[in-house]
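*Asks:* A structural model of the following input is requested.
(one chain, ligands or ions: 1)
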Amino acid sequence: MTGSPPQGWPISPSFALARLRAGHHRFRTGAALVPAAPAGAPVAAVLSCADPQPEPMIVFGGADVFAVRAAGLSTGPAALGSLEYAVGHLGVPLVVVLGHTGCSLPPGSGPERVRATLAALRRRSAVLDQATRSGRCGLHGMVWHDAARTLAEVRPTASPAARHLGRLRPPNRASVRQS
Ligand SMILES: [Zn+2]
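*Replies:* From the prediction side, this is the model:
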């Protein structure tokens, strides 16, 4: 029998994601910001674009996030080093790549760019890949819709509906033209 978890017991990636979703619900409903007590590790590290847009702390209702901003979600050495510090040294349980629809940069920061960035983080960083592989840290994609001021989840792969359709109807030139 053990007692309650010690102070600063690491939280799970799914619990961290739930905290962010709850924080965004506060943002959406106009509830007052509830700044998290700065105890222990931040709930998540958030990589977002450097374009003007609300700070992740605001979008997530005052959640204690480790914010990293890079133009066009670039995974250059500065951004990668910051994320590795958050995960490897602070023990952050979740990395969120937060794109946005109104990106001013050529590659954009929409869902496809978010997926590519998530893959690049694991490919380019042994620290992030290992933390993800072990289940200690989650990787999650979201997109901020600048005009609607809403947040959407980014699925890791194409939607199940699209895959289903692909199985039922193999693409051919005729069907592509008609659709
Ligand atoms: Zn942008």
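*Asks:* Could you pick out the residues of the chain near the ion for me?
*Replies:* 49, 51, 103, 109 (Cβ under 5 Å from the ion). Backbone N, C-alpha and C define where each C-beta goes, glycine included.
*Asks:* Just among these, which is most surrounded?
*Replies:* In terms of neighbours by other Cβ atoms under 10 Å, the residues of the chain next to the ion top out with residue 109 at 27 neighbours.
*Asks:* Look at the residue sitting nearest the centre point of the chain and report its pLDDT.
*Replies:* The centroid of the chain falls nearest to residue 96 when counting by Cα atoms, centre = their mean (2.0 Å). Listed pLDDT for residue 96 reads 98.
*Asks:* Let me know the pLDDT of residue 144.
*Replies:* Confidence score, pLDDT, at residue 144: 95.
*Asks:* how about the nearest residue to residue 11, chain neighbours excluded?
*Replies:* residue 93 (5.5 Å; Cβ to Cβ, 6 or more residues apart in numbering).
*Asks:* For the one you found, give me its contacts.
*Replies:* 10, 11, 12, 13, 15, 16, 41, 43, 44, 136, 137, 138 (Cβ atoms under 8 Å, 6 or more residues apart in numbering).
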